[in-house]
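In: Okay, predicted coordinates and the sequence, questions at the end:
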Amino acid sequence: MKKMNSKNKTFHKIFAVLFLVLIFELALFVLIFPDREYSESEKRPLAAFPTLSLSTITDGSFMDGIEDWQADQFPFRDQLMQIKSQLNIWMGSIRSQDVYRCEDGSLMEAFQMPSEDTLKAQAEAMTGFASRYPDTSFYFCLAPTAISVLTDKLPTATLTDDQNQYIDYMQDKFSTVGKFIDVRKIFTEKKDSTELYYHTDHHWTTDGAYLAWQEIYKAMELTSEVNYTSGVVCNTFLGSLVSASGFPAQKYDSIKIYIPTEEPVYTVTYTNSQTMSASVYSMEHLSGNDPYEVFFGGNHPRLQIRTGADSTRKLLIVKDSYANCLVPFMLHDFSQITIIDARYYSDDIDMEMQSQGYTDVLFLYNANTLSEDNTLVPVLNNVAGSLNTPSEDTSTEEDTSEEATTKYTIDDIAFIGDSRTLSLSSGGRLAYQLVPSTSTYATWGGKITDDTASDNTLAAAKAGKKVGIFWFGINDVQSSDHALRDDANQFRSNYEKLIDLYRKNNPDSKIVILSILTTSVHEKDYYAKQNENIAAYNAQLKALCSEKGYTYLDITKLFTGDECFAENDYIHFSKDWYVKNFIPFIYNRFNIELSN
Amino acid sequence: MIFSSLTFLLLFFPITLLLYFLVPNRAKNIVLLLFSLIFYSWGEPVYIILMLYSILLNYVCGLMMDKYSDMRKHILIFGVCINLFMLGFFKYAGFLTESLNSVLGTFGISIPQRDIALPIGISFYTFQALSYLIDLYREKFPVQKNIINFALYITMFPQLIAGPIVRYESIEKELKHRIISLEKVGYGSLIFIEGLAMKVLLANQIGLVADELRALAGSLSVTSAWLSALAYFFQIYFDFAGYSTMAIGLGHILGFTFCKNFDYPYLSTSVTEFWRRWHMSLGTWFREYVYIPLGGNRVSTIKHIRNILIVWMLTGLWHGAAWNFVLWGLYYGLLLLFEKFILSKINLPKPIGWLYTTILVLIGWVLFSSENLSQCMQILSAMFGIGNVLFDTTSLYYLMTGGFMLILCAICSTPLLKWLKEKLLHFALGKLFLGCLYVVILALCILFLVVQNYNPFLYFRF
């Protein structure tokens, strides 16, 4: 028995009071402190108080919700995180979330060598694509990042794979179809005299991009002669690595812009939002969340620059964000520059190549981003190509002419999905009653991996309808499980399993998969990241359909901007949107006659 | 719900305490029972039914043993069987069918398997119920006629989820009458903070290292392998002991006196001693209700050996429904036999004893913590230098970044801090310092809990 020592009676009594007062006061303070909606430092929405219902109690989601709410809404959470990061550093921590912290405070992202399969797939996709266009010149610049260039700054015990291995491999493979531009030598030479990379961000500086540009200039045998002066446009830049790692930044970074002695004449057209701009710079982004977006306002699926340059060369760039600060140097050498970001691009790249007549194609990536990328390969391979994707008009069909004229009624269709499907009928918060509730098999908030998804799929299959239209993804792309959220392959394989379940129970049904629509074109990074993943997911779904002979319907064009949404929650569409866009599309596609 | 969470510390605990202290003495048990049920259903909203059923069953068995005393033995056997069946079904059914299937598979037979969720705490509360029934049979105390008090014994939230396993006879009196005082609250809260720090500041932090290193199982250098074993060695101790310590502290605050469950086990100079210092309540339970009824050591040598092996395999099995736990139990059973019959003849100097015990315990934990047999073999062979290097960058990295934590853990595994605390309590300034220190430690724990789900949206992969 642990008996109490009554020697320290007073001490214990005083401490008891102290302890009780502390706990009660803290509990009260936490409850009273107002809730926040969004965290600037973590760049994500913060958990709100969960909904209380019988179902949320029995499945435990209410309890989990309370835990999340408590932690997310704790007063001064951001400041507490900073204290913890500093404590970590004092205890010897040099790495957090794959970001290393050097002695001078600079942050660098670790590199992980992609798998054998990825290496092969990437090399084959690029060489395959290049060999389809023997009359075009191909170039590839795979830039190293700070972790492999600024090696003397790194702490002694850094665990990272060797980027050079990756770059060497790609150089080896690509050289068979085009010129590989290797900037490693010049970077290693200049690394002490030039600030090549930001201290707090994963991008190269404009100075670094300029050095790389000079190598590209040589390789592409360009002729313009322009001089530049550089000027700082932002000196309070705190980059992505600070919020990703939680490590405090030692000092700000500065973003430079290079101003040419002779101003180029050009226009920039952003394809998806159908807007134009007279500048490659977007100065208003300097005061936003990510000042690096001063270059082109960030990443876009496709944009096109027409210049007044005296040149017949037309360039297509397939890139990641490293190219954003490098393209401004190219405005004097090409009459047209089209920029595609595979992570967002959902069109037909072969049609792009054939219709525009590019003289040159440049792949411009940094080794870290490309090593983790799973969007470039499907875009280049373009398996679905012109087979299953409908273009502008909604009546592109497959081979059999019977398909084109088959008429369906709304009762022939089973809609299987999540809240965006459920809104169609009479379930959930938004019950638009546009289709009968016997047509929808969906659950609010449903993810592809939930039991409800398979339950719904089974029920839909058992209903024996002629067409099964699947529309999942928007909840998976917000999954709190990073691994699941960022893995498009895993998403595809889960989707595949679900459809197999359906087909097992309804083998004659036609299978249709709808592309996942974005959450919002809002700038906030939380949504932008989801959209990036959505593009990857859709690419996988497109490939899945072409492989298995399902129909992939790309409904991106139905999305017309933030006004599609009901109540500005950026997820659920308004009744108006369904009535004006979604329903006519479906009815048209399946030749359903409007009965009312 | 777990003690080391904001929900417990800042929501459940304050509300429970407030009501508990405010209500008159005769209502305190009901309040505590109510909140214990809420505590349990927080983590197990559906299977609380099972626990309620278990309470009712054991309560009724107790009453019947009292009323029909000539049938006592039969009722006891009935009660024990039902308890064991419930435990067996929910905890071990999956394991059993899996093992059977791997044998029957060669004959082309397979038993269909259903995934049954393991209800939280079932191992603990079942063992507590069994201790009640068996000791009631042995007439160590009168039957508990008040169902509230009995239910409270089974479900009391300090020890419900992770022990210590409280035997009924040790708190029988306190259920009816216990001392609740400010002094005990202070005493208990100091202990609670110690336990909280062990879990949040030590176990959780060194656990990160343990997890990362274990994931590298196939490619560890010798040093990294030992670091991985050492990290887990500390993680499991501070996790488990921290939790028991918090339970004991909470008990004091509520007026109950629980026995200590850990007594600086890593100071042991023999495996026998280790098991008298580690998870003491489990050891006691198995001794009282399995070893001694089987005859203990008062039988022939063969039977004695059999008894030890049975107890140890069951001990292993109690920890988890998988073969590595059974092997782990057997491992210790054999080591104990070795010490009892062979090593006891030799007089080992204490430091040697400590060294050999620590190494054996480290190896035991590798066996315990491995996800499967191949991972276990990978780590063990790496530890003994089979096919790998002595030291590499990974080793350097974890020594440099985890070194501070490991040293801190080592210090906290000894009574050094306790000795310092006793010394400081001798003078006023020392008491002031300790008071402030404990507050700072509590604040640090809360800090760590708030930021442990720092979850930045990794948008930067643009």
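Out: Looks like it arrived, so ask away.
In: Distance check, A:Tyr587 against chain B.
Out: To chain B, A:Tyr587 is 38 Å away according to C-beta to the nearest C-beta, to the nearest Å. Glycine gets a C-beta too; all of them are placed from N, C-alpha and C.
In: any idea which element that residue lies in?
Out: Element membership for A:Tyr587 (DSSP states H and E) is helix A:583-589.
In: Now do that helix: which elements does it pack against?
Out: Helices and strands touching helix A:583-589, by 3 or more C-beta pairs under 8 Å, 6 or more residues apart in numbering or on different chains; DSSP states H and E: there are none.
In: so who does B:Leu63 touch?
Out: Neighbour list for B:Leu63: B:143, B:145 [criterion: C-beta atoms under 8 Å, 6 or more residues apart in numbering or on different chains].
In: Mind listing what's buried along the one helix or strand it maps to?
Out: Element membership of B:Leu63, judged by DSSP H and E, is helix B:48-67. Buried residues in helix B:48-67, counting neighbours by 16 or more other C-beta atoms under 10 Å in any protein chain shown, are found at B:48, B:51-52, B:54-55, B:57-59, B:61-65.
In: angle of the helix or strand that that helix is followed by against helix B:48-67?
Out: Downstream of helix B:48-67, the first helix or strand assigned by DSSP H and E is helix B:72-87. In terms of direction (axes from the mean of the first three to the mean of the last three C-alpha atoms, to 10 degrees), helix B:72-87 departs from helix B:48-67 by 170 degrees.
In: what's next to helix B:72-87, contact-wise?
Out: Residues from elsewhere that reach helix B:72-87, judged by C-beta under 8 Å, 6+ apart: B:50, B:54, B:57-58, B:61, B:64-65, B:68, B:122-123, B:126, B:129-130, B:133-134, B:137.
In: Which of those residues lies at the shortest distance from chain A?
Out: B:Leu50 (14.4 Å; C-beta to the nearest C-beta).
In: Quick check, pLDDT for the closest one.
Out: At B:Leu50, the pLDDT value in this model is 89.
In: for it, what are its contacts?
Out: B:86, B:90, B:119, B:122.
In: nearest to chain A, of those?
Out: Looking across the contacts of B:Leu50 and measuring by C-beta to the nearest C-beta, the closest to chain A is B:Pro119, at 12.9 Å.
In: what's the burial count for that closest one?
Out: Per other C-beta atoms under 10 Å in any protein chain shown, the neighbour tally for B:Pro119 reads 22.
In: Specify the local secondary structure of it.
Out: For B:Pro119, the assignment made with DSSP: H, G, I helix; E, B strand; the rest coil gives coil.
In: Quick check: it vs B:Met400, distance?
Out: Going from B:Pro119 to B:Met400 by C-beta to C-beta, to the nearest Å gives 43 Å.
In: quick one on the thing from earlier: mind telling me the two of the contacts of B:Leu50 farthest from one another?
Out: Taking C-beta to C-beta as the measure, the contacts of B:Leu50 span a maximum distance of 9.3 Å, between B:Met86 and B:Pro119.
In: show me what contacts A:Asn374?
Out: Contacts of A:Asn374 (C-beta under 8 Å, 6+ apart): A:118, A:488-489, A:536, A:539-540.
In: In the lowest-mean-pLDDT helix or strand in chain B, which residues are buried?
Out: Every helix and strand of chain B was ranked by mean pLDDT, DSSP states H and E. The lowest is helix B:93-104, at a mean of 78. Neighbour counts over helix B:93-104 (16+ other C-beta under 10 Å) mark B:93-95, B:97 as buried.
In: Repeat that for stretch B:34-51.
Out: Here stretch B:34-51 shows B:35-37, B:39-45, B:47-48, B:51 as buried, counting by 16+ other C-beta under 10 Å.
In: Same check on stretch B:268-284?
Out: So stretch B:268-284, judged by 16+ other C-beta under 10 Å, has buried residues B:268-275, B:277-284.
In: what do you get for stretch A:549-563?
Out: Under 16+ other C-beta under 10 Å, the buried positions of stretch A:549-563 are A:550-556, A:558-559.
In: how long is that stretch from one end to the other?
Out: Using C-alpha to C-alpha, to the nearest Å, the end-to-end distance of stretch A:549-563 comes out at 34 Å.
In: Can you give the distance from it to the centre of its chain?
Out: Taking the mean of its C-alpha atoms, stretch A:549-563 sits 17 Å from the chain's own mean (C-alpha atoms, centre = their mean, to the nearest Å).
In: same question, stretch A:418-426
Out: On C-alpha atoms, centre = their mean, the centre of stretch A:418-426 falls 25 Å from the chain's centre.
In: Can you give the contact residues for it?
Out: Contacts to stretch A:418-426, defined as C-beta under 8 Å, 6+ apart, come from residues A:415, A:428-437, A:439-447, A:471-472, A:474-475, A:517, A:571-573, A:575, A:578, A:582.
In: Return the residues in contact with A:Ser61.
Out: A:Ser61 neighbours (C-beta under 8 Å, 6+ apart): A:Pro50.
In: switch to 10 Å and redo it
Out: A:50-51, A:53, A:55, A:445 (C-beta atoms under 10 Å, 6 or more residues apart in numbering or on different chains).
In: and if you look at A:Leu28?
Out: Applying C-beta under 10 Å, 6+ apart to A:Leu28 gives the contacts B:10, B:14.
In: From B:Ile38, how far out is it?
Out: Distance, A:Leu28 to B:Ile38, using C-beta to C-beta: 20 Å.
In: sec struct for B:Leu17, please.
Out: Counting by three-state DSSP, the backbone at B:Leu17 sits in helix.
In: So it versus A:Phe585, what's the distance?
Out: 60 Å.
In: Let me know the helix or strand that A:Ser520 is in.
Out: Using DSSP H and E, no helix or strand contains A:Ser520.
In: Burial check on the residue nearest to it when sequence neighbours are not counted, number of neighbours?
Out: Of all residues not flanking A:Ser520 in the chain, A:Tyr570 sits nearest, at 3.8 Å (C-beta to C-beta, 6 or more residues apart in numbering or on different chains). If you count neighbours by other C-beta under 10 Å, A:Tyr570 ends up with 18.
In: Would you confirm that A:Tyr570 contacts A:Glu563?
Out: No: A:Tyr570 is not in contact with A:Glu563 according to C-beta atoms under 10 Å; the separation is 11.1 Å.
In: what's the overlap in contacts for the two?
Out: With C-beta under 10 Å, 6+ apart as the test, A:Tyr570 and A:Glu563 reach no residue in common.
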